[in-house]
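*Asks:* Quick one, structure for this:
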Amino acid sequence: MKCVAYSSEYRQAWDEWVASSRTPLFFFKRDFMEYHADRFQDASFMFYDEDKLVAVFPASRRDGEVVSHGGLTFGGMLYNAKVRADTVITSFQVLLDRLREDGCTKLLYKSIPHIFADQGAQEDLFALTQQGAQLVRRDLSSVIHLENRPKLSKGRKWLIARAAKFGLESSDSDDWQAFHDLLSEALERHGAEPVHSVAELRLLHERFPENIVLKSVLHEGRMIAAALLFRFGRVTHTQYLATNDEGKEAGALDALIEKCIQDSAARGEKFFSFGISTEMGGKVLNSGLINQKENFGARGMVLDFYEVDLK
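*Replies:* Numbering: from 1, shown residues only. So this is what the prediction gives:
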């Protein structure tokens, strides 16, 4: 098996492989991975067995540490349905040998949660443990199983009804500046700021208009609640949620989230994902944040980080 460093000449082959893989997520495509290429040194690889592509590995490198991928929530080896366990194990052996040859000292592997796979896709976790990987971080995320959803809490129902009483409705939006302003205001209370700029949000939406969708609630022409959704086919994920004091009082964000959940179910999707509620590298649970998600019927799913010491 050969391990080949990714370069632009392989762009089409890479994207076609991602689309045919068991985890065909749009943010593994090069148009997404490279929008912030100035911030991350690409260290992606492609694996060939007798000149036949069998896997791709989205990754970035910082000094001697390789991460899968530094600019993504998670990443990992991407295989299609034809690839079997023995090939997966071999590909990891080849990868680690290559990283050592390149002078790397550590591999941080952010595993892909099972809900994003069209088929079983966890041979990589077995292969990692075979290579001495250690679990170094575990975040707690929240997911609604749409075919078996717990009931809304009474508090959520009350707020959703309140929004209806005020006549508030959600709709698609392309006002990225207003959204960024609202999000910045919401994050500022917690001493944070948006990861993406207005220009980056607009660019990514233009590249992936079916996958990156902005929903908002307006009152008297002003945005008071918004949700930036990543649609992955079988899963809709809330990349950002934001509201202001007016929106909170009126239940605007609650009504917006519920509408997004119902739309996801109507499209025949399997899961609705809220993302993590852990802080400080998974060491601390934000109880207030996860309680809000659980009130919509979301329950726990972990995001695991594995480390291989290449020394």
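*Asks:* center of this protein - which residue?
*Replies:* Thr73 (4.9 Å; C-alpha atoms, centre = their mean).
*Asks:* Look up which helix or strand it falls in, please.
*Replies:* Using DSSP states H and E, no element contains Thr73; it sits outside every helix and strand.
*Asks:* in terms of contact, does it touch Lys110 like I think?
*Replies:* Yes: when contacts are counted by C-beta atoms under 8 Å, Thr73 is listed as touching Lys110 (7.4 Å). (Each C-beta comes from the backbone N, C-alpha and C, glycine too.)
*Asks:* Common neighbours of those two, please.
*Replies:* Leu303 (C-beta atoms under 8 Å, 6 or more residues apart in numbering).
*Asks:* on that earlier part again, for the residue nearest to the centre of the chain, report the pLDDT, please.
*Replies:* Per-residue pLDDT puts Thr73 at 90.
*Asks:* Excluding chain neighbours, what is closest to Asn286?
*Replies:* Ser277 (4.9 Å; C-beta to C-beta, 6 or more residues apart in numbering).
*Asks:* Now for that neighbour: which residues touch it?
*Replies:* Taking C-beta under 8 Å, 6+ apart, we find Ser277 in contact with 140-142, 285-286, 289-290, 293.
*Asks:* between these, which is nearest Val302?
*Replies:* Distance to Val302, by C-beta to C-beta, is smallest for Leu140 among the contacts of Ser277, at 6.1 Å.
*Asks:* The closest one sits in which helix or strand?
*Replies:* With DSSP H and E as criterion, Leu140 is part of strand 134-145.
*Asks:* again, but for Asp181
*Replies:* Assigned by DSSP H and E, Asp181 falls in helix 176-188.
*Asks:* Quick check: what element follows that helix along the chain?
*Replies:* Moving toward the C-terminus from helix 176-188, the next helix or strand (DSSP H and E) is helix 198-207.
*Asks:* Gln131 versus Trp308, what's the distance?
*Replies:* To be clear, residue 308 is Val; Trp isn't right here. Noted for Val308: a distance of 6 Å to Gln131, by C-beta to C-beta, to the nearest Å.
*Asks:* no, scratch that, I was asking about Tyr48
*Replies:* Taking C-beta to C-beta, one finds Tyr48 at 20 Å from Gln131.
*Asks:* count of neighbours near the nearest residue to His36 once chain neighbours are set aside?
*Replies:* The shortest distance from His36 to any non-neighbouring residue, by C-beta to C-beta, 6+ apart, is to Gly71 (5.3 Å). Look at Gly71: counted by other C-beta atoms under 10 Å, it has 19 neighbours.
*Asks:* Gly71 is in contact with Arg39, isn't it?
*Replies:* Yes: judged on C-beta under 8 Å, Gly71 makes contact with Arg39 at a distance of 6.6 Å.
*Asks:* hmm, which of the contacts of Ser277 are the buried ones?
*Replies:* 141-142, 289-290, 293 (16 or more other C-beta atoms under 10 Å).
*Asks:* Pick out the most distant pair among those residues.
*Replies:* Ser141 and Leu289 (11.3 Å).
*Asks:* could you list every residue that touches His196?
*Replies:* His196 sits next to Leu204 when contact means C-beta under 8 Å, 6+ apart.
*Asks:* quick one: secondary structure of Val94?
*Replies:* Assigned by DSSP: H, G, I helix; E, B strand; the rest coil, the conformation of Val94 is helix.
*Asks:* Mind pulling up the pLDDT for it?
*Replies:* 97.
*Asks:* So it is in contact with Met46, correct?
*Replies:* No: taking contacts as C-beta under 8 Å, Val94 lies outside contact range of Met46: 11.2 Å.
*Asks:* hey, what's in contact with both of those two?
*Replies:* With C-beta under 8 Å, 6+ apart, Val94 and Met46 have common neighbours Cys3.
*Asks:* got the contact list for stretch 241-251?
*Replies:* In this structure, residues lying in contact with stretch 241-251 by C-beta under 8 Å, 6+ apart are 158-163, 166, 168, 179, 182-183, 185-187, 217, 219, 224-228, 252-253, 257.
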